[in-house]
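J.: give the three-dimensional model of this entry:
(2 chains)
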Number of protein chains: 2
Amino acid sequence: MKIVQLAALIERVPPRRYGGIERFVHYLTEELVRRGHEVTLFATADSKTKAKLVSSAPHPLREMHVADTAAFTLLNVARVYNNAAKFDIIHNQLDYFALPTAALSETPTITTLHGSINLENKHIYKECEDQNFVSISNAQRKGGENLNWRATIHHGIPVEKFPYSDKAEDYLLYVGRISLEKGTHIAMDVAKALNKKLIIAAKLDKADVDYFNQYVAPRLYNEKISWVGEVGDEERNKLMSKALCLFHPVTWPEPFGLAMVEAMACGSPVIAFREGSIPEIVENNKTGFVVEKEKEMINAVRKIKLISRKACRRHIEKNFSLKKMADA
Amino acid sequence: MKIVQLAALIERVPPRRYGGIERFVHYLTEELVRRGHEVTLFATADSKTKAKLVSSAPHPLREMHVADTAAFTLLNVARVYNNAAKFDIIHNQLDYFALPTAALSETPTITTLHGSINLENKHIYKECEDQNFVSISNAQRKGGENLNWRATIHHGIPVEKFPYSDKAEDYLLYVGRISLEKGTHIAMDVAKALNKKLIIAAKLDKADVDYFNQYVAPRLYNEKISWVGEVGDEERNKLMSKALCLFHPVTWPEPFGLAMVEAMACGSPVIAFREGSIPEIVENNKTGFVVEKEKEMINAVRKIKLISRKACRRHIEKNFSLKKMADA
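T.: Have a look, this model is predicted:
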């Protein structure tokens, strides 16, 4: 099949560092190529792929500090749909940005939704509800129950590429992005209550600087807590394979948390709140602990050795493999 | 004809206070209705119009403090194009936001461009250059010379609604928005150099607060300079009709400055830099002064009495009437 992958331009595919969505697009694109499909990836020019690449920006918009990101995103949409007749199917990874245009195209579009449906964007999803949607968790459908959902497909990863370690070192790990909704300060408070080492491997966006100054910076006056900035894949995987556990204290209904899957592949259990997709990803008491309150997080760390690291790896091999995702 | 006016949702049509684009859309919509066209205005629910109104937001997005404005803008686009078959022509006032979708619609779209073409958006205009564009000044075409321009149509206003005054009071006037590119601090410096009263009737957006704190606030320690905030139409027109002149020290190639036209209609000459559309709007030495440097602005104020206020009014009646715009 002639397949378009219409990717975001904010990060490279795959991302240099942070970027769960772009990591997913990368895994899927390469697997589809491997299976013999004729895939065209619409992404940044510096993306790495075996698919045909059409670029609408030389570098990731985040690195270029582009102010008007919508102009580039809609350029990418226009490039795809102005050439839609050449393709059998368009796989949209841009959430609602492609929907008004997709509605008018003769080439079918399938939208894998990455964001959540909220008060501000629910109207455009409703207006376009007849289009084809794939959710990345069942929880994600909340607020958009009437959309034409075709399936829920959990993200899969090439498990064999993630280094597994049976033995942990004595530190807690937080990865991703520093922000209120990701709960960075909660991870710090739990580490402090336990007097445990915490490594924060995360980026800081401009939009989150107020949060950082108010909530995170004061908590860095603790020599057991270290913020190592954004890290590349190799270092990130190493940190994951040696962590006592991954802390994922997000406080909003995250549609999917790829980092949790990657951490478990490396053997690291996950401690997270019962929010959004998390109960679908972490098996409570088997591959980590899904809790309600901060206090329970403290207890969860105390009993983390009860979780088998091998079970974490197996859970991902069985349920979140690239093969399973691409088959779906 | 069955005409769609696809308006922005950031302000009401007409705007409560600030909003040159929404003022233009209002004038044009009402004139088309008056001429017997069947017009449907896609705008905020609180808009005032004799056209049929389809709303995609209850209030202006600015007043609602919407974070994800693109979701509403694209909702508005989707609503128009999902119903395009009911209309003869779609008049797009959203700049590039409608272009990817317009390209696929059987109903023709004409885009009156309001913004300027810059390094970030020039690619999407190029991708969609075969669509129909109207420029609001000749200067606006810079950087997009290859677009399929159908005409340049200067904004027109219902001149009879603007109060003309033959006599000025002894103050300079600045209206619109406080921002670096609008040159608020330049107006303040010129007023200070002349020891003249300056009234600043302008809004302050969140994005411009840094500029305000650094450049504007310190210059407010001058009792001859007063910032009166955003003002409504009536007060604004009154200020314009009594001003010695309108100061319009924009430092970027503004595609069109509706406030200049309105001020001249009220009898107020305009002093502005030779940027963008300004030489097309202000007749140098006849309806104001078009200058190169800040120092010349000072001299221009000194000789402002040489400009006939009646000539300003006549210039607008002749060249920037609503009739002339709607005929075009």
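
J.: switch to C-alpha atoms for all contacts and neighbour counts from now on
T.: OK.

J.: OK, contacts around A:Ile307?
T.: Remark: with contacts taken as C-alpha atoms under 8 Å, 6 or more residues apart in numbering or on different chains, A:Ile307 is in contact with A:Pro269, A:Asn285, A:Lys286, A:Thr287, A:Gly288.

J.: try 6 Å
T.: Contact analysis of A:Ile307 by C-alpha atoms under 6 Å, 6 or more residues apart in numbering or on different chains lists A:Lys286.

J.: measure it to A:Arg313 for me?
T.: With distances taken as C-alpha to C-alpha, to the nearest Å, A:Ile307 is found 11 Å from A:Arg313.

J.: for stretch A:164-184, which positions count as buried?
T.: Residues of stretch A:164-184 classed as buried under the neighbour-count rule (16 or more other C-alpha atoms under 10 Å in any protein chain shown) are A:164-165, A:168, A:171-180, A:182-184.

J.: first to last residue in that stretch, what's the distance?
T.: End-to-end distance (C-alpha to C-alpha), stretch A:164-184: 25 Å.

J.: can you give me the helices in the stretch 151-300 of chain A?
T.: Counting by DSSP state H, counting those that start in this stretch, one finds helices in the stretch 151-300 of chain A at the ranges A:184-194, A:209-211, A:233-242, A:258-265, A:278-281, A:294-302.

J.: state the distance from the closest residue to chain B within the stretch 201-328 of chain A to A:Ile178.
T.: Proximity of the stretch 201-328 of chain A to chain B (C-alpha to the nearest C-alpha) peaks at A:Ala207, 11.8 Å away. Remark: distance between A:Ala207 and A:Ile178 (C-alpha to C-alpha) = 10 Å.

J.: residues contacting A:Leu75?
T.: With C-alpha under 6 Å, 6+ apart, A:Leu75 has these contacts: B:Ile124.

J.: right, I mislabeled it, should have said A:Lys197
T.: By C-alpha under 6 Å, 6+ apart, the neighbours of A:Lys197 are A:Tyr171, A:Lys224, A:Ile225.

J.: format these as TSV; extra columns: pLDDT and distance to chain B.
T.: Rendered in TSV, the data for the contacts of A:Lys197 read as follows (pLDDT from 0 to 100; distance: C-alpha to the nearest C-alpha, whole Å):
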residue	pLDDT	distance to chain B
A:Tyr171	97	37
A:Lys224	94	36
A:Ile225	95	33
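
J.: could you dump these into TSV with distance to B:Leu61 added?
T.: Output for those, formatted as TSV (distance: C-alpha to C-alpha, whole Å):
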residue	distance to B:Leu61
A:Tyr171	46
A:Lys224	45
A:Ile225	41
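
J.: out of those, the closest to A:Tyr215 would be?
T.: Comparing those against A:Tyr215 with C-alpha to C-alpha places A:Ile225 closest, at 13.9 Å.

J.: check what pLDDT the spatially closest residue to A:Ala263 that is not a sequence neighbour gets.
T.: Nearest in space to A:Ala263, with sequence neighbours left out and distances taken as C-alpha to C-alpha, 6 or more residues apart in numbering or on different chains, is A:Met240 at 5.3 Å. We note a pLDDT of 97 for A:Met240 in this prediction.

J.: cool, the one 10 residues further on as well?
T.: Residue-level confidence at A:Val250 comes out at 93, pLDDT.

J.: low pLDDT regions in the stretch 151-300 of chain A?
T.: Applying pLDDT under 70 to the stretch 151-300 of chain A flags no residue at all.

J.: filter the contacts of A:Lys197 down to just the ones in strands.
T.: Judged by DSSP state E, the contacts of A:Lys197 include A:Tyr171, A:Ile225 as members of strands.

J.: show me the beta-bridge partners of the closest residue to A:Arg141 other than its chain neighbours.
T.: The shortest distance from A:Arg141 to any non-neighbouring residue, by C-alpha to C-alpha, 6+ apart, is to A:Ser135 (6.7 Å). Assessed by DSSP bridges, A:Ser135 has beta-bridge partners A:Thr152.

J.: what is the neighbour count of A:Ser135?
T.: Using other C-alpha atoms under 10 Å in any protein chain shown, A:Ser135 has 22 neighbouring residues.

J.: roughly how far does it sit from A:Lys192?
T.: Using C-alpha to C-alpha, which is the criterion applied here, A:Ser135 is 37 Å from A:Lys192.

J.: in chain A, what residue spans correspond to strands?
T.: Listed in chain order (using DSSP E), the strands of chain A are A:2-6, A:38-43, A:52-55, A:89-92, A:109-112, A:132-135, A:149-152, A:171-177, A:197-203, A:225-227, A:245-248, A:270-273, A:288-291.

J.: buried residues in the longest helix seen in chain A?
T.: Of all segments of type helix in chain A, defined using DSSP state H, the longest is helix A:20-34. Applying a neighbour-count criterion of 16+ other C-alpha under 10 Å, the buried positions in helix A:20-34 are A:20-33.

J.: can you redo the residues you listed as CSV with pLDDT and distance to A:Lys197?
T.: As requested, those are arranged in CSV below (pLDDT from 0 to 100; distance: C-alpha to C-alpha, whole Å):
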residue, pLDDT, distance to A:Lys197
A:Gly20, 84, 25
A:Ile21, 91, 29
A:Glu22, 93, 30
A:Arg23, 91, 28
A:Phe24, 92, 30
A:Val25, 95, 33
A:His26, 95, 33
A:Tyr27, 92, 32
A:Leu28, 93, 35
A:Thr29, 96, 38
A:Glu30, 94, 37
A:Glu31, 91, 38
A:Leu32, 94, 41
A:Val33, 96, 42
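
J.: among those, which are within reach of chain B?
T.: Within the set of the buried residues of helix A:20-34, contact with chain B (C-alpha under 6 Å from any C-alpha of the partner chain) is found for no member.

J.: between those residues, which is nearest A:Asn92?
T.: Nearest to A:Asn92, judged by C-alpha to C-alpha, of the buried residues of helix A:20-34 is A:Val25 at 10.2 Å.

J.: roughly how far apart are the residue lying closest to A:Ile21 once chain neighbours are set aside and chain B?
T.: For A:Ile21, ignoring the flanking residues on the chain, the nearest one in space by C-alpha to C-alpha, 6+ apart is A:His114 at 7.2 Å. Computed with C-alpha to the nearest C-alpha, to the nearest Å, the distance linking A:His114 and chain B is 15 Å.

J.: give me the neighbour count for A:His114.
T.: A count of nearby residues for A:His114, using other C-alpha under 10 Å, gives 20.

J.: residues near the residue lying closest to A:Leu194 once chain neighbours are set aside, how many?
T.: For A:Leu194, ignoring the flanking residues on the chain, the nearest one in space by C-alpha to C-alpha, 6+ apart is A:Ile298 at 7.0 Å. Taking other C-alpha under 10 Å as the neighbour definition, A:Ile298 ends up with a count of 18.
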